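Peer 1: starting from these lines, generate the structure:
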Amino acid sequence: MRRAAGAVLLAAVALGGQGAHAASDPERGNALARAWCIGCHGTEGKGDGPAAARLEPKPRDFTTG
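Peer 2: Numbering: from 1, shown residues only. Reported below is the predicted structural model:
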């Protein structure tokens with residue numbers, strides 16, 4: 001019985017988020033980036049946004065991996 005309950009729990013965790021992924025929406029992604037990312041990371045993701053100079057630690061440069 002304990003093994004069956006564990007299997008059910010594992011399946012629920014593994015499959016629980018399957019419906020959470022929606023189709024790609026580039027316009028929404030761009031809007032979110034403008035609102036939350038560009039100010040620190042810049043338009044190219046280099047960590048050189050308008051607020052970067054005043055931040056410590058410095059924003060990550062996502063172009064270098």
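
Peer 1: per-residue pLDDT of V8, please?
Peer 2: Turning to V8, the model gives it a pLDDT of 63.

Peer 1: now the helices for this protein?
Peer 2: Remark: helices assigned in the chain by DSSP state H are 2-16, 26-36, 38-41.

Peer 1: between the ones you listed, which gets the lowest average pLDDT?
Peer 2: Lowest mean pLDDT within these: helix 2-16, a mean of 65.

Peer 1: give me the distance between the two termini of stretch 41-59.
Peer 2: The first residue of stretch 41-59 is 6 Å away from its last residue (C-alpha to C-alpha, to the nearest Å).

Peer 1: what sits up against that stretch?
Peer 2: Contact with stretch 41-59 is made by C37, I38, G39, C40, R60, D61, F62, T63, as judged by C-beta atoms under 8 Å, 6 or more residues apart in numbering. The way it works is simple: take the backbone N, C-alpha and C, and place the C-beta from them, glycine included.

Peer 1: relative to R28, which of those is nearest.
Peer 2: C37 (13.3 Å; C-beta to C-beta).

Peer 1: next, the contact list for the closest one, please.
Peer 2: C37 sits in contact with G45, G49, where contact means C-beta under 8 Å, 6+ apart.

Peer 1: report pLDDT for it.
Peer 2: At C37, pLDDT is 97.
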